[in-house]
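Engineer: just to be clear, the model below is a prediction. Sequence and coordinates:
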Amino acid sequence: MKKTFTLAVSVLVLLFLLAGCDENPIEIKENGITRLEIYSLPNTDTYNRIYTDSEKIAVIIEYLTGLSLQVNFPENPDEYSGMAKIITIIYDDGTEVVYNHFGNMFFGIRTDDTLVWYRMKYDEAIKFENLIQINSSDE
């Protein structure tokens, strides 16, 4: 019985790892954010936003850090087309962190010259557009 249980747990762990677990690799320093910018590609004024108000920035940060992002997925973001919303967080020391919210399907994290893609859950992804419409720019 004990061997069967151990084997079953091992198989479940393996399946979980193969399926690509959900995680949130987004690391945002809580202090020192002076500005958050959102613009779309293709560029349209409909989605362009600039936030300097800390409460409005906090709403976006809460959304980003709450995403469940899948590490391993079969789709290739380069084979898809759609609108991307580029999110740039600017800190008081001048550093910038750039994220790519693409097609309500993929989320990219830019580090140096590399863009690492994750798969978003659709029900979480579609909330972003409404969030930025409701939480409109303060500039």
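Structural biologist: Arrived safely, thanks for sending.

Engineer: give me the residue at the spatial middle of this protein.
Structural biologist: F107 (4.6 Å; CA atoms, centre = their mean).

Engineer: can I assume that residue is in contact with V98?
Structural biologist: No: in this structure F107 lies outside contact range of V98 using CB atoms under 8 Å: 11.8 Å. Where you see a C-beta, it was placed from the backbone N, CA and C, and this is true even at glycine.

Engineer: follow-up on the earlier one: can you tell me how far the residue nearest to the centre of the chain is from S40?
Structural biologist: 15 Å (CB to CB, to the nearest Å).

Engineer: tell me the SS of E129?
Structural biologist: Three-state call for E129 (DSSP: H, G, I helix; E, B strand; the rest coil): helix.

Engineer: quick check: the gap between it and G94.
Structural biologist: 29 Å.

Engineer: more neighbours: which of these two?
Structural biologist: When E129 and G94 are compared for neighbours, E129 comes out ahead with 15 against 7, by other CB atoms under 10 Å.

Engineer: tell me the contacts of that one?
Structural biologist: When contacts are counted by CB atoms under 8 Å, 6 or more residues apart in numbering, E129 touches Y47, K85, N104.

Engineer: which non-adjacent residue is nearest the second one?
Structural biologist: Using CB to CB, 6 or more residues apart in numbering and skipping the chain neighbours, the partner closest in space to K85 is H101 (4.3 Å).
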